[in-house]
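Novice: Fold the following and give me the result.
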Amino acid sequence: MITDTRLRSTFLILVALSGLAITCVRGQDVQARLEKSLRDARSISNVEVRMVDVLWIKDYSLLEGKPADGVEFSRTFEYYYLAFGRKYRASCKLLSGTRTNLAKHFESAFDGTSYVCYDADQRYMTKSHSYQRGDRGECQYGPLVAPFMFLSRVSDYCPSCVLRFSDVVAPDFTNGLILPRGQESDGLLHISMPGHILVKQPTLWSIGIDKTGESFTPRTIRWAIPGGGEETIYKLFNYTNVGTYQFPATIAWTASSYPPTSSSGVIATGMTTLVSIRMPEQVAGSAFQLDEDAAVTIWDCDQKNFTKSGPASEACPQTRRLHGTAEQQASTNAQPAITDHLTPRP
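Specialist: Alright, predicted model coming up:
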């Protein structure tokens, strides 16, 4: 026992300073925090999520590549996502929209062997054993993957890539990524890193993370195409958890012209809000299989032929999707920026 008053005071000060030093190291070591959050995410064997996604676009003409006409556009989707390891099932349903000709219902699934996508409006289905880059039934940045959105593979090579929770829990997800050390500013730790090439332009990610804590918890994520004149700022709110994994329950974003000049530079806004989340004790294998009987047409992407055909099989589904209306493409997923809203989906 320490009896001398001065020695005891010195000891307590050293303990306090030691604790402060540990806190600072943990707060600034974003690499360790990233790895911890990934481990926490991988500890979740199965999860079921429901969320609502709202999109507003300042000028509807942007969807059609026409001169500005001042007509606004908005829509609201409900998204569903069920994951079990690498298996998943996803869907989106239109809840409301300012246009009547919007895509209303899409589903996709991976049962461990086959990727299946289903367009309920057209009643056509596609199947493939190869990795599917993304389907319109999947939310681009849901709450479970939002902290890692800067690791998205969206690029000119893969414009329709979707970041899935099943990707995040994969052992090779980060591929040896080393993050830069955080710099303190405005009460956050900031890091910046280059992204993929999109619309033939380099992109840049800037991330603001909580200064203290052990998990990787971004508060703001900025994605910009400096040469393309666009940027999107995401704000991640209401962090919650499943098990030990921390993630935001709300993601709000604003897409603006770049460099920003005034509020008139806002092109679009959106918000994704968690509705419910749970970890079901059991998940039947049939949950990751879509009903083929519901489809009029089934296209086998591996064999490049129809395994089921009907009135809707006059043209290849992939061709129809590439030449679909711009409003269907843009109103289905809230992509990182307007450029991605208008990117054709294969």
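Novice: For stretch 39-52, buried residues please.
Specialist: Going by neighbour count (16 or more other CB atoms under 10 Å), the buried part of stretch 39-52 is 40-41, 44, 46-49, 51. In this view, the C-beta of every residue, glycine as well, is placed from N, C-alpha and C.
Novice: just checking, which of the residues you listed belong to helices?
Specialist: 40-41 (DSSP state H).
Novice: Could you dump the buried residues of stretch 39-52 into CSV and include pLDDT and distance to G176?
Specialist: Putting the buried residues of stretch 39-52 into CSV (pLDDT from 0 to 100; distance: CB to CB, whole Å) gives the following:
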residue, pLDDT, distance to G176
D40, 96, 20
A41, 94, 18
I44, 90, 23
N46, 90, 28
V47, 94, 26
E48, 96, 31
V49, 96, 29
M51, 97, 31
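Novice: now, which of the buried residues of stretch 39-52 sits nearest R99?
Specialist: M51 (22.1 Å; CB to CB).
Novice: Might you report the residue contacts of the closest one?
Specialist: Shown in contact with M51 (CB atoms under 8 Å, 6 or more residues apart in numbering): 78-79, 81, 139, 142-143, 272-275.
Novice: residue ranges with poor pLDDT in the chain?
Specialist: Low-confidence regions of the chain, defined here as pLDDT under 70, cover residues 1-28, 62-65, 260-264, 311-346.
Novice: The spatially most central residue of it sits in which helix or strand?
Specialist: Compute the mean C-alpha point of the chain, and by CA atoms, centre = their mean the closest residue is Y141, 1.8 Å away. Here Y141, judged by DSSP states H and E, is contained in no helix and no strand.
Novice: now the residue nearest to it when sequence neighbours are not counted, what's its secondary structure?
Specialist: Sequence neighbours aside, M149 is the residue nearest to Y141 in space, at 4.9 Å (criterion: CB to CB, 6 or more residues apart in numbering). Put simply, M149 is helix when judged by DSSP: H, G, I helix; E, B strand; the rest coil.
Novice: Distance check, M149 against C301.
Specialist: According to CB to CB, to the nearest Å, M149 stands 27 Å off from C301.
Novice: These two: which is more packed in?
Specialist: Between M149 and C301, M149 has the larger neighbour count (other CB atoms under 10 Å), namely 22 against 17.
Novice: Please verify my assumption that that one contacts C161.
Specialist: No: counting by CB atoms under 8 Å, M149 does not reach C161; the two are 11.7 Å apart.
Novice: my read is K93 is in a strand, agree?
Specialist: Yes: counting by three-state DSSP, K93 is part of a strand.
Novice: Report the beta-bridge partner residues of it.
Specialist: Beta-bridge pairing of K93, defined through DSSP bridges, involves E78, H105.
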